[in-house]
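Participant: Here is a sequence together with a model predicted from it:
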Amino acid sequence: MNNTQPKRHGLSKSRILLHRQCPKRLWLKVYRPELEEIDDGSQSRFATGVHVGEIARRLFPEGVLVDGDDLGQAISDTQAILAGEKRPVFEATFQSGGVLVRADLLLPAKNGYRMVEVKQSASVKDYHLADAAIQSWVARQAKLPLASVEIAHIDSSFVYPGGGDYRGLFRYADISEPVAAMEAEVPGWVSAARETLSGEEPRIAPGAQCETPFECPFFGYCSSPASAEDGYPPEILPYGGALAAILRGDGYTDLRDVPEGRLGNIKHRRVWRVTRSGQAELDPEAGKLIAALPYPRYYIDFETINPAVPVWAGTRPYMQVPFQWSCHVETANGAMSHRAFLATRADFSRKA
DNA sequence: CGAGGCAATATGAGCTCTTG
DNA sequence: CAAGAGCTCATATTGCCTCG
């Protein structure tokens, strides 16, 4: 009997979800966390998610937050708040069967509470359902009366009026039905995750689960050094994922070894030629086209920003807002002049 | 049966950086 | 110290249907 290990590792909702994506991912997260490679992209999405959650809470000023790192304390705080006058609760914490969850929002309703998960996405995604199912399963076990289970996602048609007024930023989607249908599966997910954690490192070959639904930070560890060649894998072919898979199946691990006859697409052939020769190819037609352009010639470049939570009045979530441009002007005599703009003020977007 | 057209789907580029 | 897991726009490819 080896039941001390599983007890040491409580299961949070996120751990069960990791296990659903890949048992090995959960195992590594718990026993070999130092192998995790976290990139900037997921780091910043993460930060955006926190910001979005914070905005969602601000919309319910009468709400009370269950904070602190002490989860046992959070659970008893939650019970104390729920025993009092009914009002919105943020980060309400529940535990059942060794599984711990925290609900982003609990909103008072006629028959109990609406349990709302806040997501920075612009629509309800399939993987949100499993997430919510774990949440509601635990909450129900903990005897919380649930009026509904909902996802609050960003409404990308929302236009920010300014002044910190974010009413309407979120759309509340009721997913009570699909979640109720899924709840029966939750105990199975929990015991499967336990089982994985009480065993040795699972042997699972890299595959589609490495990216779906989320990119795995242990991919570098799982993919063997042999396949991480620094040559020219067939995958560099643009829009060539399907073809690359076929070529790999036929044993080609380097584009340069592939016979030209296997490539039909004209762009694939160009990539193949350049990769083999190591010589850049210049299309003479492109040169002719450029030589024929009239003067003055304008060379323009600009930069944009697209925050999930709109910052400037009149903009929408995820709207690309330019804030800088630069333009070189070349005249017939070869003289080059430059004009540029960089926004430094809060109302900058219009001018840029 | 194949060309052509349209729609659905895939891919790539470019962008976010906190709070309790 | 742990949470969460995004979007838009443009373009390319693929899949399916229709019609000659």
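Facilitator: Yes, it's here. Residues are numbered from 1 along each chain as shown, chains lettered A, B, ... in the order given.
Participant: Not counting sequence-adjacent ones, nearest residue to whichever residue of the stretch 51-200 of chain A sits closest to DNA strand C?
Facilitator: In the stretch 51-200 of chain A, the residue that lies nearest DNA strand C is A:S121 (3.4 Å; C-beta to the nearest atom of the strand). For the C-beta atoms, the positions are set from N, CA and C on the backbone; glycine is no exception. Nearest residue to A:S121 in three dimensions, chain neighbours excluded: A:H153, at 5.3 Å (C-beta to C-beta, 6 or more residues apart in numbering).
Participant: isn't that neighbour right up against A:R171?
Facilitator: Yes - with contacts counted by C-beta atoms under 8 Å, A:H153 reaches A:R171, the gap being 5.9 Å.
Participant: Same drill for these two, tell me which one is more crowded.
Facilitator: A:H153 (22 against 17; other C-beta atoms under 10 Å).
Participant: just to revisit the earlier point, so what secondary structure elements neighbour whichever strand or helix holds the residue nearest to A:S121?
Facilitator: Per DSSP states H and E: A:H153 is located in strand A:146-154. On a contact count with 3 or more C-beta pairs under 8 Å, 6 or more residues apart in numbering; DSSP states H and E, strand A:146-154 meets strand A:99-109, strand A:112-118, helix A:126-141, strand A:170-174, helix A:176-183.
Participant: Who does that strand pair with, and is each partner parallel or antiparallel?
Facilitator: Its sheet considered, strand A:146-154 pairs with strand A:112-118 (parallel), strand A:170-174 (antiparallel) by DSSP bridges.
Participant: what's the offset of it from the middle of its chain?
Facilitator: 19 Å (C-alpha atoms, centre = their mean, to the nearest Å).
Participant: Also stretch A:110-129?
Facilitator: Distance, centroid of stretch A:110-129 to centroid of chain: 16 Å (C-alpha atoms, centre = their mean).
Participant: what's the answer for stretch A:216-226, then?
Facilitator: With C-alpha atoms, centre = their mean as the basis, stretch A:216-226 stands 20 Å off its chain's centre.
Participant: Report the buried residues of that stretch.
Facilitator: A:216-218, A:221-222 (16 or more other C-beta atoms under 10 Å).
Participant: ok, and which of these reach DNA strand B?
Facilitator: Applying C-beta under 7 Å from any atom of the strand, the subset of the buried residues of stretch A:216-226 adjacent to DNA strand B is empty.
Participant: Now secondary structure and pLDDT too, for these, in JSON lines please.
Facilitator: Shown next, in JSON lines, are the buried residues of stretch A:216-226 (DSSP: H, G, I helix; E, B strand; the rest coil; pLDDT from 0 to 100):
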{"residue": "A:C216", "secondary structure": "coil", "pLDDT": "88"}
{"residue": "A:P217", "secondary structure": "coil", "pLDDT": "88"}
{"residue": "A:F218", "secondary structure": "coil", "pLDDT": "89"}
{"residue": "A:Y221", "secondary structure": "helix", "pLDDT": "87"}
{"residue": "A:C222", "secondary structure": "helix", "pLDDT": "86"}
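Participant: Those residues of the stretch 251-352 of chain A touching DNA strand C, which are they?
Facilitator: A:265, A:267, A:306, A:308, A:318-320.
Participant: and those, which are buried?
Facilitator: A:308, A:319.
Participant: nearest to A:V66, of the residues of the stretch 251-352 of chain A next to DNA strand C?
Facilitator: A:A308 (24.5 Å; C-beta to C-beta).
Participant: ok, that closest one - contacts?
Facilitator: A:A308 makes contact with A:48, A:51-52, A:120, A:154, A:317-318 under the criterion C-beta atoms under 8 Å, 6 or more residues apart in numbering.
Participant: Around the closest residue in space to A:A109 that isn't next to it in sequence, how many other residues sit close by?
Facilitator: Of all residues not flanking A:A109 in the chain, A:A147 sits nearest, at 3.6 Å (C-beta to C-beta, 6+ apart). Neighbours of A:A147 under the rule other C-beta under 10 Å: 16.
Participant: Pretty sure A:A147 sits against A:K110.
Facilitator: Yes - the pair A:A147 / A:K110 is scored as a contact, 6.4 Å apart, by C-beta under 8 Å.
Participant: I am finished for the moment; much appreciated.
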